[in-house]
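# the following comprises the amino acid sequence and a computationally predicted model.
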Amino acid sequence: MNLSQLYYFRKLAELQHYAKAAKELYITQPSLSNAISSLEQELGVSLFQKTGRNIHLTKYGSEFLVYVNKGLEQIDKGIAIMKNYAGTSDGGKIDLGCIITVQTDFIPKLLNGYKASTGGVAFSVREDTSQPLVKDLLSGCYDVVFCARGDDDPDLTYVPVLTQKVVVAMSADCPLVDKAFITPADLYEQHLITYVDTIPLGRAIRRMLDERDIKNVEYSYLDESILAGFAANGVEAAIMLDTFLLRSVDNVVVRPFYLSPLERRSCYHRVYMAYSTKNYHPYCVDHFIQYVTDTKALATDPNARYID
């Protein structure tokens, strides 16, 4: 048994097709077939079973794959670390996903800072909403995502890295416009618009308002630009996050939102770095995760109120 056979086995287990696996491994199909047959003979078990033109793992192959993945992951990390010591590493590539409100400021500054301290790492950055980001993270499309925290998952770790303040946006004609700040008591007679409650942020806003028996709320919108647009041009007030999308809308009036007029503590929604503890990570991904954890992780502010 040699290391190449284990890499071949892992790739074949991933694609479950000899021709496709051989193409990605840059070897001939007979060479791949011979390597797998030799591995099966040495182990004394069948790792794959044919199903028409494709193959699938046997129960022995599925169990063996768990150990192979763990072993090759550690070997790959060790090689990357040694190359980094020697200055011969190519740095690697990290697939990163993020919500739109962090991609114009937070993410560029973060990546520039990381690249300045660690040369050679390439990033692929894509934008989406939080739920698709987490789904694609779990499926392996991303290495790391920056998003709202959704439902707890044992395979995910969330690290808070950024806060976004909850505010109330309105037009100059809104009945609330003369107030210096807004509290829940001001909202009982006011028609409100906010985020759709099928997304994590919308659910968090709904919990906060339901706990205070605020009922006249339309949960229909996905982002700050459309919320601010409706608020600036109507009589509705929008309870939303203070992001660059809000500030890009003309003629909108923004007021702080406090849960208590006496304490006047701002409410915040947190953005998290999320990563899978189950998926394979090359060394560069683990190094980036540690960098973000060490330099950007937020401590809990006792004077803040978090809605997530």
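Happy to help now that I have it. Numbers count the residues shown, from 1 in each chain.

# quick one: classify the residue nearest the centre of the chain as helix, strand or coil.
Nearest to the mean C-alpha position of the chain, by C-alpha atoms, centre = their mean, lies residue 145 at 2.5 Å. Using DSSP: H, G, I helix; E, B strand; the rest coil, the secondary structure recorded for residue 145 is strand.

# and it, bridged to which residues?
Per DSSP bridges, the residues bridged to residue 145 are residue 97, residue 274.

# for it, what are its contacts?
96-98, 133-134, 136-137, 273-275 (C-beta atoms under 8 Å, 6 or more residues apart in numbering). All C-beta atoms are positioned from the backbone trio N, CA, C, and that covers glycine.

# at 6 Å what do you get?
Counting by C-beta atoms under 6 Å, 6 or more residues apart in numbering, residue 145 touches 97, 133, 137, 274.

# what about residue 236, how many residues nearby?
20 (other C-beta atoms under 10 Å).

# touching, it and residue 190? I think so.
No. Counting by C-beta atoms under 6 Å, residue 236 sits too far from residue 190 to count as a contact (8.1 Å).

# can you check the pLDDT for the residue nearest to the centre of the chain?
Residue 145 is assigned a predicted lDDT (pLDDT) of 98.

# can you tell me how far it sits from residue 200?
Plainly put, residue 145 is 13 Å away from residue 200 if you go by C-beta to C-beta, to the nearest Å.

# which pLDDT value goes with the residue lying closest to residue 6 once chain neighbours are set aside?
Spatial nearest neighbour of residue 6, excluding adjacent residues (C-beta to C-beta, 6 or more residues apart in numbering): residue 68 at 5.3 Å. Note on residue 68: pLDDT of 94.

# hang on, the earlier thing: with distance to residue 161, neighbour count and pLDDT as extra columns, can I get the contacts of residue 145 in CSV?
What follows is the contacts of residue 145, written out as CSV (distance: C-beta to C-beta, whole Å; neighbours: other C-beta atoms under 10 Å; pLDDT from 0 to 100):
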residue, distance to residue 161, neighbour count, pLDDT
97, 14, 24, 97
133, 14, 25, 96
137, 15, 23, 96
274, 10, 24, 97
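
# now tabulate the residues you listed in TSV and tack on distance to residue 262.
Shown next, in TSV, are these (distance: C-beta to C-beta, whole Å):
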residue	distance to residue 262
97	41
133	38
137	41
274	36
